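Peer 1: could you work out the structure for the sequence below:
(one chain, ligands or ions: 2)
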Amino acid sequence: MLCYEPTNGNSSPFRRDYHPPVFTCIAVAAAGLDLNCGTFLAQHTVAAVQAGKLSESDVDRAVTNNLVTLMRLGFFDGDPRELPFGNLGPSDVCTPSNQELAREAARQGIVLLKNTGKLPLSATSIKSMAVIGPNANASFTMIGNYEGTPCKYTTPLQGLGANVATVYQPGCTNVGCSGNSLQLDAATKAAASADVTVLVVGADQSIERESLDRTSLLLPGQQPQLVSAVANASSGPCILVVMSGGPFDISFAKSSDKIAAILWVGYPGEAGGAAIADVLFGYHNPSGRLPVTWYPESFTKVPMTDMRMRPDPSTGYPGRTYRFYTGDTVYAFGDGLSYTSFAHHLVSAPKQLALQLAEGHACLTEQCPSVEAEGAHCEGLAFDVHLRVRNAGERSGGHTVFLFSSPPAVHNAPAKHLLGFEKVSLEPGQAGVVAFKVDVCKDLSVVDELGNRKVALGSHTLHVGDLKHTLNLGV
Ligand SMILES: *[C@@H]1O[C@H](CO)[C@@H](O)[C@H](O)[C@H]1NC(C)=O
Ligand SMILES: *[C@@H]1O[C@H](CO)[C@@H](O)[C@H](O)[C@H]1NC(C)=O
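Peer 2: Numbers count the residues shown, from 1 in each chain. Ligands and ions are numbered 1, 2, ... in the order given. Predicted structure coming up:
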C-alpha cells in the first residue's frame, strides 16, 4: 500500500481514484510505515492522534526508526560539511570516467528496431546530414523525470555534428507539434538536399510524466505528418529516432519503405546525443532490447481500469503484457537488432523430468493437469540449460539471450514467460556458452484459477530466438 500525496490538478481520472483516503494512510502508519515519500504523514499525523485513530507509541516508533537510521548514516557525527560525503560537487561527479559511463549507459540502452541495411552510416562518405525533428536538439528532455543536474549535455544535433556536416530543422517548434507549430517546408527542403536524414521525434515531459498519462499511443500532434513528409522528401536514407519513455504505435514508419531504420533511445541522459551518433556511425553495435510491448493504437480502447492479465475471448479483451496479450504488436517485448547476427545452439537440456510425489498422492493414480509448486517433490529439483552462442556476422557486439518457456495449456497459462536472460559480448566468429539454471517448481509453475502456484505437467517448450526445445514434465 502506498501513501500518495493528492497532487494539484493534472491528475488523470484513474490516478485520482487510487488516492487512498487519509485514514488508510494512518492505518498503514500504524501497521509499520515509518516514512512516506512527501509530506503526507507530516501533515496528517497530529490530527490522526488527536482524533484517537493513531497512538502516540506508533508515532514514537516511527520517529525512533527514522532517527536511528540517520545516526547509522553518520548524520550526527560532526559538521556535515566535513563528513566524507559532505563536500562532493561537480569536480567529483563530472570526471572523464563518469562522463564516459553516462555515454556508455546511453549506448547500451539504445534499441535498434528496424534496419534495411543502411545502418551503420559511413561518416567519411556523408557530405551533409539533415537533422530534423522536435527532439533533434533536445537537452533537458534527454534526462527525463526525477533528474539530477548534468555535467553538460550533448544533444543529438551536437553528437551527429561532431562526425559530419549537419543542417538542422526542428520541423515542429515543440513535441506537441499541434496547430501551426509544424514547419514542413523548411524540413522537407533540408531532407531533399542532404545525403542522409535523421529525424528525432517522440515525447518529453509535456506529453508524459508523473500525473500526466498519455491517452494515445500515436506520435504527438502532427509528428506523423512530419515524419511521412520528411521521409518522402529525403534524397538519401531516412533514419527515425524515437526519444521517449513510453512506447509508440509507429506502424506507419515500420512498414514504410522510405524509412531505412528506426531506433528507440528512451530518454538517454546527458550524453544521449553522443551515444546516438556512436550507434548510427557504427562505433557502437546496438544491443538494447525493448523492456515493454509496443501495442497498436487500438489498445487504448481497452479500459485502463480493466487490469486482468488474461485475455477473455468471450468479450474480445486481449489481455496484457507479453505473457498474455493476444493482439497484434507494433514491436514485441525483447525486440532489438544488432549490426551482426548471432546463432544459438543447444548444448544440453533435459527432454524428460519426473517429479517424485509422496506415496498416496492423488496425481499418482489419476490424471492431473498440475501439482503443487511446493513440498518435498520440489526440493532441489532443478536443471541446467547450456547454449552455445556464436557471433555469425562481421562485427563484434553484445547479445542478450532470453530464455522463454511456454507451459502446457493448463490453467489459462501464459503463452510464454521469461525464465532468465544473460548478456554476452562476442567478437566476429567467436562463440560463448551461456548457462541458465531452471528451478522446476519456481520457473515452470503457473498460477491456477484459485491463485495457487502449480507446476504444469506435460510438454513445456523452452525457446531462445528461433531455437525450440521440448521438455516433458511428468510424475
Ligand atoms: C542546440 O542546443 C544547444 C543546447 O541547448 C544550444 O546551445 C544550441 O544553440 C542549439 N542549436 C541550435 C542550432 O539551435
Ligand atoms: C510524397 O511525394 C509524392 C511525390 O513527390 C507526393 O505526391 C506525395 O503526396 C508525398 N507524400 C507525403 C506523405 O508527403
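Peer 1: residue nearest the middle of the chain, spatially speaking?
Peer 2: In the chain, the residue lying closest to the centroid (Cα atoms, centre = their mean) is residue 291, at 3.2 Å.
Peer 1: wait, what's in contact with the residue in the stretch 51-200 of the chain that ligand 2 sits nearest to?
Peer 2: Nearest residue of the stretch 51-200 of the chain to ligand 2, counting by Cβ to the nearest ligand atom: residue 188, 7.8 Å away. (C-beta placed from N, C-alpha, C; glycine too.) By Cβ atoms under 8 Å, 6 or more residues apart in numbering, residue 188 lies in contact with 229, 230, 232, 233.
Peer 1: so which strand or helix has the second one?
Peer 2: In other words, residue 230. Assigned by DSSP states H and E, residue 230 belongs to helix 223-233.
Peer 1: hmm, residue 401 and residue 345 touching each other?
Peer 2: No. The pair residue 345 and residue 401 does not pass the contact test of Cβ atoms under 8 Å, sitting 11.6 Å apart.
Peer 1: please identify which of those two sits among more neighbours.
Peer 2: Taking neighbours as other Cβ atoms under 10 Å, residue 345 and residue 401 compare with residue 401 leading, 18 against 13.
Peer 1: just confirm the more buried one is within a strand.
Peer 2: Yes. Using DSSP: H, G, I helix; E, B strand; the rest coil, the assignment for residue 401 is a strand.
Peer 1: okay, now whichever residue of the stretch 201-350 of the chain sits closest to ligand 1: neighbour count?
Peer 2: Proximity of the stretch 201-350 of the chain to ligand 1 (Cβ to the nearest ligand atom) peaks at residue 273, 9.3 Å away. A count of neighbours around residue 273, defined by other Cβ under 10 Å, yields 29.
Peer 1: and the pLDDT for it?
Peer 2: Per-residue pLDDT puts residue 273 at 98.
Peer 1: pull the CA atoms of the helix or strand hosting it into CSV?
Peer 2: Using DSSP H and E, residue 273 sits in helix 272-280. What follows is helix 272-280, C-alpha atoms only, in CSV (Å, rounded to 0.1, in the frame of the first residue of the first chain):
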residue,chain,number,x,y,z
GLY,A,272,22.4,10.8,-25.3
GLY,A,273,23.4,12.7,-28.5
ALA,A,274,26.9,11.3,-28.5
ALA,A,275,25.5,7.8,-27.9
ILE,A,276,23.0,8.1,-30.8
ALA,A,277,25.9,9.1,-33.1
ASP,A,278,28.0,6.2,-31.8
VAL,A,279,25.3,3.8,-32.8
LEU,A,280,24.4,5.5,-36.1
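Peer 1: separation between residue 44 and residue 69?
Peer 2: Distance of residue 44 to residue 69, computed by Cβ to Cβ, to the nearest Å: 22 Å.
Peer 1: higher neighbour count, these two?
Peer 2: Using other Cβ under 10 Å as the criterion, residue 44 and residue 69 rank with residue 44 on top: 20 against 12.
Peer 1: who's in contact with the residue of the stretch 201-350 of the chain closest to ligand 1?
Peer 2: Contacts of residue 273 (Cβ under 8 Å, 6+ apart): 138, 142, 153, 154, 155, 156, 157, 158, 159, 160.
Peer 1: mind doing that once more with 7 Å?
Peer 2: 154, 155, 156, 157, 158, 159 (Cβ atoms under 7 Å, 6 or more residues apart in numbering).
Peer 1: which strand residues bridge residue 354?
Peer 2: According to DSSP bridges, the residues that bridge with residue 354 are residue 474.
Peer 1: now the helix holding residue 230: buried residues?
Peer 2: Using 16 or more other Cβ atoms under 10 Å as the test for burial, helix 223-233 gives 223, 224, 226, 227, 229, 230, 231, 233.
Peer 1: need the pLDDT of the closest residue to residue 410 other than its chain neighbours.
Peer 2: What sits nearest to residue 410 in space, not counting adjacent residues and going by Cβ to Cβ, 6 or more residues apart in numbering, is residue 369, at 4.0 Å. As predicted, residue 369 sits at a pLDDT of 94.
Peer 1: one step back: and the residue nearest to the centre of the chain, what pLDDT?
Peer 2: 96.
Peer 1: hmm, back to that, what about ligand 2: which of the contacts of residue 188 touch it?
Peer 2: Restricting the contacts of residue 188 to those touching ligand 2 (Cβ under 6 Å from any ligand atom) yields 229, 232.
Peer 1: cool, thanks, signing off.
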